[in-house]
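S.K.: Let's see this in three dimensions:
(one chain, ligands or ions: 1)
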Amino acid sequence: MSTGYYAFHQHFGHDTGEDHPEQASRITALEEVLKATGVWDKLIIHEGKSAHLPDILRAHSKAYVDQLHLIQPEHGTILVDDDTPMSSGTLEAALHSVGTTTQALDDVLNGVHRNAFAAIRPPGHHAERKKSMGFCFFNNSAIAALRAADVHHMQRIAILDFDAHQGNGTIDILQNDQRFLLLSAFQHPFYPYTHYEQNKYTNLINVHLPQGADGEIFRKGVIEQWEPALRRFAPEVIIVSAGFDAHRCDPMAELNFEDRDFLWISEWINDYCLKRRIPWLAVLEGGYNLKAFGTSATLFIAGMLAQEPTQQSETTN
Ligand SMILES: [Zn+2]
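M.R.: Sure, this is the predicted structure:
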């Protein structure tokens, strides 16, 4: 069984301006490293599609979606919040982010691929039901999770988020819905300061990473906090909000992950899924130092390719 890679050219129309960290060159940087390392040749490449509106409306209000269409500028850029620019091509890109994510979801759930990586932008995990923020407009991972439940009739869907920032939007949309288990690891306290504390929600596990935390602290949190919750929940599919801004070179957070930590988490998830024969999907979130991002995301994708469990740390059950 293969690994699918999904991307689309319409993201170039989402122009965030020269000085913004979330820019089109991120995807270019990733694909350059994928090709230079030979990983690209091992993937099945797909051109992404635009979204179906009903998928978006499971996660966002109609009024919110309508408002985004009304405010999109014909020329130049506007700021939707302090750090979220919108240009004339933003909605087309955001709709392709959603459509490409759901396309990748459908493919892994229909057995086309064992797992898949959606290289999309704009990202999604900060987008709440009625609010754009943190570079995000539509919550791609939450939309995929709701489609898995409503269209594919999955009853237990786990969402793992290792972006350096808490995925407040995903929690806003999926909170206290027992079909979904939300496992998150992020710098705390830090942006978005939304105070989604796990003792207030029935389906949320937070791993707090203090400023300066390295990959060892992250790995410990995953094994001690994520893994037992994942085993109890026994998901039928895993959706990963894959952010790479916990890297020590990233300008948008204050964590100290190395390249190899992103290979480790990919292998950890892949091993878990291989042993239980469950499909998984990774959806791109952050990662802003182009060199560090290209290398770490390539290692992550390389980790998805393994057909046999690769780690010794996990015991079977
Ligand atoms: Zn982030």
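
S.K.: you'd agree Asp245 is up against Ala292?
M.R.: No - between Asp245 and Ala292 there is no contact under Cβ atoms under 8 Å: 9.1 Å. Quick note: C-beta positions are derived from backbone N, CA and C, even for glycine.

S.K.: between these two, who's got more neighbours?
M.R.: Neighbours of Asp245 and Ala292, each counted by other Cβ atoms under 10 Å, are more numerous for Asp245; the result is 26 against 22.

S.K.: where do the strands sit along this protein?
M.R.: 3-7, 44-47, 78-81, 84-86, 115-118, 157-161, 180-187, 204-209, 237-242, 280-284 (DSSP state E).

S.K.: Format those strands as CSV; extra columns: mean pLDDT.
M.R.: Below are the strands of the chain laid out as CSV (pLDDT from 0 to 100):
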stretch, mean pLDDT
strand 3-7, 99
strand 44-47, 98
strand 78-81, 96
strand 84-86, 98
strand 115-118, 99
strand 157-161, 99
strand 180-187, 98
strand 204-209, 98
strand 237-242, 99
strand 280-284, 99
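
S.K.: In the stretch 1-150 of the chain, what residue comes closest to the ion?
M.R.: Gly134 (7.3 Å; Cβ to the ion).

S.K.: nearest residue to that residue other than its sequence neighbours?
M.R.: Distances taken as Cβ to Cβ, 6 or more residues apart in numbering place His126 nearest to Gly134, at 3.1 Å, with adjacent residues excluded.

S.K.: Count the residues that sit near that neighbour.
M.R.: His126, neighbours per other Cβ under 10 Å, totals 30.

S.K.: my read: it touches Met133, true?
M.R.: Yes - if you go by Cβ under 8 Å, His126 and Met133 touch, sitting 4.9 Å apart.

S.K.: Return every residue with contacts to both of the two.
M.R.: Asn168, Gly169, Pro192 (Cβ atoms under 8 Å, 6 or more residues apart in numbering).

S.K.: Can you name the residues that contact Ile143?
M.R.: Ala51, Asp55, Ile56, Arg58, Ala59, Val98, Thr101, Thr102, Gly124.

S.K.: Can you tell me the closest non-neighbouring residue to the residue nearest to the spatial centre of the chain?
M.R.: By Cα atoms, centre = their mean, the mean C-alpha position of the chain lies nearest to Ser241, the distance being 2.2 Å. In this structure, Ser241 finds its nearest non-sequential neighbour in Asp161, 3.8 Å apart by Cβ to Cβ, 6+ apart.

S.K.: And for the one you found, the neighbour number?
M.R.: That count, for Asp161 with other Cβ under 10 Å as the rule, works out to 25.

S.K.: how far away is it from Ile238?
M.R.: Here the criterion is Cβ to Cβ, to the nearest Å. By it, Asp161 lies 11 Å from Ile238.

S.K.: Ala127 too?
M.R.: 20 Å.

S.K.: Between these two, which has more neighbouring residues?
M.R.: Ala127 (32 against 24).

S.K.: got a list of what the more buried one touches?
M.R.: His60, Met133, Gly134, Cys136, Phe137, Phe138, Asn139, Gly169.

S.K.: before we move on, back to that, give me the buried entries from the contacts of Ile143.
M.R.: Ala51, Asp55, Ile56, Ala59, Val98, Thr101, Thr102, Gly124 (16 or more other Cβ atoms under 10 Å).

S.K.: And for whichever residue of the stretch 151-300 of the chain sits closest to the ion, the neighbour number?
M.R.: Per Cβ to the ion, Gly286 is where the stretch 151-300 of the chain lies closest to the ion, at 3.0 Å. Gly286 has 27 neighbours, counted by other Cβ under 10 Å.
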